[in-house]
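>>> Just need the structure, nothing else, for what follows:
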Amino acid sequence: MKYFLFFLFFINIKSYPFQLEIVNITDKKAIVYIVVFDHEDGFPFKGEKGIFQWKGTPAEAEKGVSTGLPDGNYAVAVFQDIDGNGKLTKWFFGKPREPYGLLGTVEKPKKKPIFSENSKKVSQGSVLQIRLWEP
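You can find the predicted model right below:
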């Protein structure tokens with residue numbers, strides 16, 4: 001009986017993928033985009049090259065987005081589409097014109113982010129908070 005209960009315990013263990021919570025969202029109407037990268041190619045502005053893409057409301061982003069990704073080394077880019085064109089609008093010299101955020105930044109980025117500096121080892125069950133910075 002003891003072995004049977006032990007077996008049932010292992011069957012009921014679930015694997016929870018890591019979650020992303022977006023904080024400091026000031027515009028409560030504009031869509032939020034999240035892209036997760038596992039490689040340098042395309043980071044941070046070419047979302048189609050990411051391995052996970054999500055778009056949704058600010059309320060959903062603040063609550064948390066489950067990625068479904070396994071443990072690994074990831075970089076995350078987030079932006080809020082204020083003008084509704086479906087992409088991050090930038091000034092002519094490349095600085096974003098819409099609120100944006102990157103995994104692991106503690107202050108507003110002053111230059112184009114590098115994958116190796118913005119990636120982090122993430123494990124199942126982690127909850128990562130990413131702050132949106134005003135342009």
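>>> low-confidence ranges in this structure?
Counting by pLDDT under 70, the chain shows low-confidence ranges at 1-16.
>>> what's the closest non-adjacent residue to residue 77?
By the measure of C-beta to C-beta, 6 or more residues apart in numbering, the closest residue to residue 77 outside its immediate chain neighbours is residue 44, 3.7 Å from it. C-beta coordinates here come from the backbone N, C-alpha and C atoms, glycine included.
>>> Quick check: the gap between the one you found and residue 107.
Plainly put, residue 44 is 16 Å away from residue 107 if you go by C-beta to C-beta, to the nearest Å.
>>> In terms of neighbours, single out the busier of those two.
A side-by-side neighbour count of residue 44 and residue 107, using other C-beta atoms under 10 Å, places residue 44 first with 25 against 7.
>>> show me the contacts for the spatially most central residue of the chain.
Centroid check for the chain by C-alpha atoms, centre = their mean gives residue 76 as the closest residue, at 4.3 Å. Remark: with contacts taken as C-beta atoms under 8 Å, 6 or more residues apart in numbering, residue 76 is in contact with 20, 34, 35, 36, 37, 102, 103, 118, 128, 130.
>>> Residues in a beta bridge with it, which ones?
Counting by DSSP bridges, residue 76 forms beta bridges with residue 36.
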